[in-house]
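Asker: Sequence and predicted model, in that order:
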Amino acid sequence: MNCPRYPGFMTSNLPREALPAEYASALEDYEADLTVHQTVSEHTRRAYCADAQSVLEFLVRAAGGEPIALRDVELANLRHWLMEIHENGASPSTAARRIAGVRSFFTFLRRSGRIEASPAERLQAPKKPGRLPAVLKQSAAETVLANTAQTPSADTEQTAEPTPVQLRDRAMVELLYATGMRVSELTSLNLDSIDFTNKLITVIGKGRKERRVPFGGPSEAALNAWLDKGRDALAAEPEALFVGVRGKRIDPRQVREVVGRATAGYSDSPKLAPHGLRHSAATHMVENGADIRQVQEMLGHASLSSTQIYTHVSLQRLKDTYRQAHPRA
C-alpha cells in the first residue's frame, strides 16, 4: 500500500512498485522499522512514510533518466526538494515537519547500512514566524467551563437536565484545562488512568512517556458526574474513559468540535482548539506564580524551551494591560 499524500508538494503519482527497486525496498523497510521499532504514533508513521516517498519521487523526477543511488544523494538534492515543496505552497511549519520526516528516513538509511552518512542532517527547517499562541483570559476560562454542560452538542438538544453527551463534554473540557494535556492524551485515557484517591491522572505522552498529572475539585466533580450519570448510557468499549455516541473511544476530531463550541461566542474568548486550552492552562499557571519547570513537567515537555513560550505570553498580556490601564503608558 502506498503512503498517503499530503498537500504542499508535487508528486508524480508513482505507485510504490513503480519506484526504482532500491528506493521501493528502502521505503518498505523504513515503514516496517517505524511500525516495529520506533515509538511514534500512527499519524506520525504515516506522515513520515509520505515524506520519505515524496523525496524519493522527487529524486526520480529530478534524475530524468537513471535515478541517483541513495548513497550518492547529497544535501543539494534535498535542498532542491525543499524548494519544490515551498513553491507548491507548503507553509514554514509544514515544511519543517516534512524535513523532520526526511531526516528520520535518512537516519534509518544510515543505521541500516545503506548510506555512510545522512545528507539530511544539515537540511535546515525554515524559520517559523514568532506568533504567540491564543489563550483564554482567566475570567473567560471560568465562563467557558461554567457553561459547557449547558451548551448543546451536535448530537443533542438542550434539555433541563444535562444529557450524557453534555456531561461527557463538560468533563473533557474541565480535564483539558485542569491538566493541560494534549487532545491525543485525553482520548487515550482509560478508566484506570484516574486515581481519585490522590487526584492524579496517568497520562501517556509523546514517545509513550508516562507522567502523572494532578487535577482539582471541579474536574473531580465533572468526572464523577460523567461516570455516574453519563458514561453507562453510551459506553460499549469497556476501557475507554471517554466514548462517542456509538460507544466507541472518542476521537480527537470530536473533541476539537466540542472545544470549538465551548469557546465560541464569548466576547473576550477566541474560538479555540483543544491545544488552546493547553496553552491557557499553562499561561494561567505562570501568571499565578507557578515555577516554569513544574509547568514543564505537567505538560510533558521534553525541553524547557518549549515551556518558556508561556512566560512570553504572560509578559505580552502584562504589557497589553499596562498600555490599556496606566495613565503614562
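Answerer: Sure, I can see it.
Asker: mind listing the strands for the stretch 151-300 of the chain?
Answerer: Residue ranges of the strands in the stretch 151-300 of the chain, as given by DSSP state E, counting those that start in this stretch, are 194-195, 200-204, 210-214.
Asker: Any chance of a markdown table for those, columns mean pLDDT?
Answerer: Formatted as a markdown table, the entries for the strands of the stretch 151-300 of the chain read as follows, by pLDDT from 0 to 100:
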| stretch | mean pLDDT |
| --- | --- |
| strand 194-195 | 96 |
| strand 200-204 | 93 |
| strand 210-214 | 91 |
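Asker: Which one, of these, ends up nearest to Asn224?
Answerer: Go through the strands of the stretch 151-300 of the chain one by one with Cβ to Cβ and the one that ends up closest to Asn224 is strand 194-195, at 10.0 Å. Every C-beta, even on glycine, is put in place using the N, C-alpha and C of the backbone.
Asker: ok, back up a step: just the strands of the stretch 151-300 of the chain: most buried one?
Answerer: For the strands of the stretch 151-300 of the chain, the largest average neighbour count (mean count of other Cβ atoms under 10 Å) is found in strand 200-204, namely a mean of 19.
Asker: so how far is it from its chain's centroid?
Answerer: How far strand 200-204 lies from its chain's middle: 17 Å, per Cα atoms, centre = their mean, to the nearest Å.
Asker: And stretch 241-256, what's buried?
Answerer: Of all the residues in stretch 241-256, those buried under the rule 16 or more other Cβ atoms under 10 Å are Leu241, Phe242, Val243, Gly244, Val245, Arg249, Ile250, Pro252, Gln254, Val255.
Asker: Quickly note the distance from the first one to Val203.
Answerer: The one in question is Leu241. Here the criterion is Cβ to Cβ, to the nearest Å. By it, Leu241 lies 11 Å from Val203.
Asker: can you list residues touching both of those two?
Answerer: Between them, Leu241 and Val203 have Leu189, Ser193 as joint contacts when contacts are counted by Cβ atoms under 8 Å, 6 or more residues apart in numbering.
Asker: In contact with Ala21: list those residues for me.
Answerer: Residues in contact with Ala21 (Cβ under 8 Å, 6+ apart): none are found.
Asker: how far away is it from Phe108?
Answerer: As it turns out, when the distance is counted by Cβ to Cβ, Ala21 lies 18 Å from Phe108.
Asker: ok, Ala50 touching Gly101?
Answerer: Yes: with contact defined as Cβ atoms under 8 Å, Ala50 reaches Gly101; the gap is 7.4 Å.
Asker: who touches the nearest residue to Tyr48 once chain neighbours are set aside in this structure?
Answerer: Beyond its immediate neighbours in the sequence, the residue positioned closest to Tyr48 (Cβ to Cβ, 6 or more residues apart in numbering) is Gly101, lying 4.1 Å away. With contact set as Cβ under 8 Å, 6+ apart, Gly101 has these partners: Ala47, Tyr48, Ala50, Asp51, Ala52.
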